[in-house]
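Novice: Structure for the following, please:
(one chain, ligands or ions: 1)
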Amino acid sequence: MTDLIAISGVRHAYRTKAGPLPVLDGLELSVPEGRFCAVVGPSGCGKSTLTRLIAGLMKPDQGEVRLEGRRVTSPRRTVGMAFQNPVLLEWRSILDNVILPLEIVAPRMPRAERVARAEELLDMVGLAGFEGKRPSELSGGMRQRASLCRALVHRPSVLIMDEPFGALDNFTREDLWQTMRDLRARERFTCVLITHDLRESVFLGDQVVVLSGRPARTQYVLDVDLPEDRTIDILYDRRAGDMLHLLRDQIRIAQGRDDPPAHTGSDLLPGSAAQGLTTPGAARDAGGPGGAPDGPARKTAPDGATRGAAR
Ligand SMILES: Nc1ncnc2c1ncn2[C@@H]1O[C@H](COP(=O)(O)OP(=O)(O)OP(=O)(O)O)[C@@H](O)[C@H]1O
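Specialist: Now for the predicted structure:
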């Protein structure tokens with residue numbers, strides 16, 4: 001499988017009145033075609049900055065971002081984006097909001113074709129019958145569904161999402177995870193999702209990348225070895241539980257916390273990943289951010305990040 005997104009040696013600092021603010025420091029990331037990459041990390045570590053770089057909205061100070069083999073220097077039509085705030089245009093119907101990207105990237109496409117494509121997506125996300133409504137007539141979850149349709153209407157090869165479900169209640173969020181799973185099965189795009197929700201990262205991701213504290217680098221990569229047609233119930237399985245413990249421990253390391261974890265994993269869960277858990281301090285003493293050099297589910301990658309797969 002070829003890497004659709006390849007990020008290497010990316011360094012970036014914002015110029016602020018107080019001087020340069022280093023945000024990314026030697027970031028490495030590879031996302032093979034068709035894979036779903038969830039990115040987690042401490043608040044303010046640089047996750048949104050990473051999405052802007054992949055989308056071509058900014059250029060890094062050093063290093064490179066490649067999409068489909070070509071260096072990213074400006075925004076691409078093959079990228080779709082969705083954010084926490086769906087920002088739909090109130091003066092347009094839901095259908096016309098979804099169609100909007102096609103008016104820009106495919107201005108010659110007949111309206112009937114655009115409408116058919118938008119209706120296909122709206123149907124897929126459960127919004128059939130709401131095409132003529134205004135955004136303010138929809139709930140937050142419905143607006144976010146419409147925003148996902150808009151991001152996908154022009155069949156992008158990459159979908160970038162920055163906390164798209166962050167403002168929704170838990171039940172709506174879980175519904176949208178399943179909608180996302182189904183959309184992906186039908187549309188087969190490559191995805192980068194920024195999230196603060198570890199359950200979301202495990203449910204949706206094929207891989208979960210943990211960024212270190214600012215300036216961020218790739219601290220840990222978890223391969224999520226769960227079936228593609230997973231349901232929410234899988235989050236209550238031992239394997240998913242192991243992964244969540246492991247990720248939570250990595251976040252503690254990224255936050256630079258030295259206090260011992262509330263649970264060591266092994267006292268809660270049987271399983272190899274749980275046995276590999278260490279305290280953040282012990283992890284650093286063990287010679288690296290991922291720690292636990294002999295942990296059964298971990299290995300250190302050439303980019304310095306630790307990789308693992310809870311089994
Ligand atoms: N345009 C900008 N100019 C100056 N500083 C910025 C700019 N954009 C972001 N920052 C700073 O860069 C750091 C990283 O910001 P970014 O939004 O990428 O982090 P994040 O990991 O997405 O944060 P959060 O998890 O809180 O959403 C923060 O300290 C932020 O204040």
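
Novice: Count the residues that sit near K17.
Specialist: A count of nearby residues for K17, using other CB atoms under 10 Å, gives 4. C-betas here are computed from N, CA, C, even on glycine.

Novice: Check N170 too.
Specialist: 10.

Novice: what does C191 give?
Specialist: For C191, using other CB under 10 Å, the count is 25.

Novice: Can you tell me the element it falls in?
Specialist: Element membership of C191 [criterion: DSSP states H and E] is strand 190-194.

Novice: Tell me which residues are up against the next helix or strand along the chain from that strand.
Specialist: As assigned by DSSP H and E, the chain's next helix or strand after strand 190-194 is helix 198-204. With contacts defined as CB atoms under 8 Å, 6 or more residues apart in numbering, helix 198-204 is touched by 36, 38-40, 165, 173, 177, 180-181, 191, 193, 195, 208, 224, 226, 230, 232, 234-235, 240, 243-244, 247-248, 251.

Novice: on that earlier part again, which secondary structure elements does the strand holding C191 contact?
Specialist: Under the contact definition 3 or more CB pairs under 8 Å, 6 or more residues apart in numbering; DSSP states H and E, strand 190-194 sits against strand 3-16, strand 19-32, strand 36-40, helix 47-54, strand 158-162, helix 198-204.

Novice: Deepest in the core, which of the ones you listed is it.
Specialist: Burial of the helices and strands packed on strand 190-194 is given as mean neighbour count (mean count of other CB atoms under 10 Å); strand 36-40 ranks first at a mean of 25.

Novice: List the residues that contact the closest residue to K133 other than its chain neighbours.
Specialist: Nearest residue to K133, sequence neighbours excluded (CB to CB, 6 or more residues apart in numbering): I94, at 5.3 Å. By CB under 8 Å, 6+ apart, the contact set of I94 is L88, L122, L127, F130, E131, G132, K133, R134, P135, L138, A146.

Novice: Is there a neighbour count for the second one? I'd like the number.
Specialist: L122: 21 surrounding residues under other CB under 10 Å.
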